[in-house]
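Visitor: With the input below, show me the fold.
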Amino acid sequence: MAPKENYKNRIELLQGTLDMLILQTLQWGAQHGYAISQAIRANSGDVLQVETGSLYPALHRLERQKWVKSEWRQTESNQRAKYYQITAAGKQQLASNRSRWAQMVAAIGGVLEAEPE
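Guide: Okay, the predicted model is just below:
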């Protein structure tokens, strides 16, 4: 595989993983961007921290793909924020992503647990 293809695959894997985490978070209800990033951080035991520079491009990409929809609302602190909600297509995509993720985890686990021949 050419170096450029390796880089592209790495970016797609990272984007796909972030997309899956965002969609999973939105399964719990509509949220604004900051709440999404905090939910990912909290539910990962503070291991995964999604920076603004990654989160909002991912949310915009998911919206373009019709996997999420958004609307402006007032937050609990009475500020205006864009809230994102998963769509039916997003739920289907999440199911597909979760299935692929499970296959990837099993495949990696198989390699890590293999005994030398």
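
Visitor: A strand includes N78, no?
Guide: No: according to DSSP: H, G, I helix; E, B strand; the rest coil, N78 belongs to no strand; its state is coil.

Visitor: Now do the contacts for Y34.
Guide: By Cβ atoms under 8 Å, 6 or more residues apart in numbering, Y34 lies in contact with A81. Any C-beta I mention is one placed from the backbone N, CA and C, and that applies to glycine too.

Visitor: Figure out the helix or strand that it lives in.
Guide: In the assignment (DSSP states H and E), Y34 maps to helix 33-43.

Visitor: quick one: low-confidence ranges for the chain?
Guide: 1-15 (pLDDT under 70).

Visitor: which parts of the helix holding Y34 are buried?
Guide: G33, A35, I36, S37, A39, I40 (16 or more other Cβ atoms under 10 Å).

Visitor: Give me the distance between the closest residue to K66 other than its chain neighbours and K69.
Guide: Nearest non-adjacent residue to K66, counting by Cβ to Cβ, 6 or more residues apart in numbering: A89, 5.2 Å away. Separation of A89 from K69 (Cβ to Cβ, to the nearest Å): 10 Å.

Visitor: What of I40?
Guide: 20 Å.

Visitor: same check, this time on I108
Guide: Distance, I108 to K69, using Cβ to Cβ: 34 Å.

Visitor: When those two are compared, which one has more neighbours?
Guide: Legend: neighbour count by other Cβ atoms under 10 Å for I108 and K69, higher for K69 (15 against 10).

Visitor: shouldn't the residue nearest to K66 be in contact with R64?
Guide: No: if you go by Cβ atoms under 8 Å, A89 and R64 don't touch, sitting 11.8 Å apart.
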